[in-house]
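In: here is my input; please provide its structure:
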Amino acid sequence: MRNLGHFFYVGSYGLATFIMIMALLISVVFRKDWFRVIHFNLFLANLFKNIMTMTWYINVIRDPEVVLFNPIWCQLTHNITNYSNLASHFWLFAEAVNIYQTVVIVQSRMKDSFLPFALIGWGIPAIVVSIYSMTRIFYSENTESCWTGTQGDFYIISAFNYGTLIADSVLLAMVIYIEKQMTKRFPRHVRMDAAMKSAKASLILIPLYAVQDYLISKQQSRLYALNVSCLIVSAVIAMFKGVLSATSHCLDNEDFVISCNSLSGCRQEEPEVEIPMTDMSGNIHRRDSPV
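Out: So this is what the prediction gives:
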């Protein structure tokens, strides 16, 4: 039964990794606006997280000799795995910030610079993991068994994970409320549609992140990491989260949808344009010039 759970766990994470790779390729090939750049880094962070979670499980948790001898590389793997997990959360938070400022904030310097988002998504997790590592090394002195023992210090990682999810929920809920109020008075813009699709997709992902966080906190210890039920539930969540994240964010990529529809032979709707000096809009109708 344990071997079945092992193969299911590795296979599901492998499938989730493959889905993230395909999503990354779609983000690279098709249009690169701010939403695509944020999505690319979100996919990259989740791909990094899946790879490190499998590496930690296969090379450390499944090997009691490694845990016993506690080599430096396994301690580094522990911290890199936590960094990848934090990065996936902070890039989801970066997307929530991007959606919020797209809908609510008209003027923002962050709209013209990738650096603030990079600092949020890749920089802050490095600082958090450094604090966590220093706390375990110098304060609690709990560095035995590849750091798989009782981990009172892991609350540092968990606090930031759950904190970003709460912040995401608040920002995205505000975006949806403000957007509904705005559409009652003004027509919805194309960029607003993309923002709303991303907001709804991110809101759906937040509960999956929360459940996976709980399971990951348990899997840091060999006592729970080899539990078959934990393995299966964690694998199902990782696979479902990967599928949902890739499909929802890729389907709001207009260029990708147009390309798929053209390959399938589906007729595209004619673009809608605003009629100057009025509040009306309509589709462009092309007429063939008379011969």
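
In: from now on I want contacts and neighbour counts done on CA atoms only, so please keep to that.
Out: Will do.

In: for the helix or strand containing residue 8, what is the average pLDDT?
Out: In the assignment (DSSP states H and E), residue 8 maps to helix 2-29. Averaged across helix 2-29, pLDDT comes to 82.

In: could you list the buried residues of it?
Out: 5-6, 8-10, 12-17, 19-21, 23-24, 26-27 (16 or more other C-alpha atoms under 10 Å).

In: next secondary structure after the helix ranked longest in the chain?
Out: When the chain is parsed with DSSP state H, its longest helix is helix 72-103. For helix 72-103, the succeeding helix or strand toward the C-terminus, using DSSP H and E, is helix 115-118.

In: wait, residue 54 sits on residue 8?
Out: No. Using C-alpha atoms under 8 Å, residue 54 is not in contact with residue 8; the gap is 11.9 Å.

In: for residue 91, see how far away the closest residue to residue 179 other than its chain neighbours is.
Out: Take residue 179 and drop its neighbours on the chain: the residue closest to it by C-alpha to C-alpha, 6 or more residues apart in numbering is residue 103, 7.2 Å away. Residue 103 sits 18 Å away from residue 91, taking C-alpha to C-alpha, to the nearest Å as the criterion.

In: who has more neighbours, those two?
Out: Between residue 103 and residue 91, counted using other C-alpha atoms under 10 Å, the more crowded position is residue 91 (28 against 19).

In: for that one, give me the pLDDT.
Out: 94.

In: likewise residue 179?
Out: Looking at residue 179, its pLDDT stands at 76.

In: how many other residues sit next to it?
Out: So residue 179, with other C-alpha under 10 Å, has 19 neighbours.

In: start at 437 instead
Out: Yep, numbering from 437; the last one is residue 615 now.

In: quick one: contacts for residue 489?
Out: Residues near residue 489 by C-alpha atoms under 8 Å, 6 or more residues apart in numbering: residue 517.

In: if we use 10 Å, what do you get?
Out: By C-alpha atoms under 10 Å, 6 or more residues apart in numbering, residue 489 lies in contact with 446, 449, 483, 513-514, 516-518, 520-521, 652, 655.

In: are we agreed that it is in a helix?
Out: Yes. Checked against DSSP: H, G, I helix; E, B strand; the rest coil, residue 489 lies within a helix.

In: for the closest residue to residue 614 other than its chain neighbours, grab the count of nearby residues.
Out: For residue 614, ignoring the flanking residues on the chain, the nearest one in space by C-alpha to C-alpha, 6+ apart is residue 540 at 7.6 Å. Residues contacting residue 540 under the criterion other C-alpha under 10 Å number 12.

In: one more: residue 528?
Out: 28.

In: which residues are in contact with it?
Out: Residue 528 is in contact with 474-475, 477-479, 481-482, 522, 534, 556-557, 600-601, 604, 638, 641-642, 645, counting by C-alpha under 10 Å, 6+ apart.

In: mind checking which of those land in helices?
Out: 474-475, 477-479, 481-482, 522, 534, 600-601, 604, 638, 641-642, 645.

In: now, which of those residues sits nearest residue 566?
Out: Taking C-alpha to C-alpha as the measure, residue 566 sits nearest to residue 522 out of the ones in helices among the contacts of residue 528, at 12.0 Å.

In: any idea how far residue 667 is from the spatially closest residue to the closest one that is not a sequence neighbour?
Out: The shortest distance from residue 522 to any non-neighbouring residue, by C-alpha to C-alpha, 6+ apart, is to residue 561 (5.5 Å). Taking C-alpha to C-alpha as the measure, residue 561 falls 25 Å from residue 667.

In: can you name the residues that contact residue 554?
Out: Shown in contact with residue 554 (C-alpha under 10 Å, 6+ apart): 474, 477, 526-527, 530, 560.

In: quick one: it and residue 479, what's the gap?
Out: Distance from residue 554 to residue 479, counting by C-alpha to C-alpha: 14 Å.

In: can you list residues touching both of the two?
Out: Shared contacts of residue 554 and residue 479 (C-alpha under 10 Å, 6+ apart): residue 527.

In: end-to-end on stretch 653-668?
Out: Chord length of stretch 653-668, first to last residue, is 15 Å (C-alpha to C-alpha).
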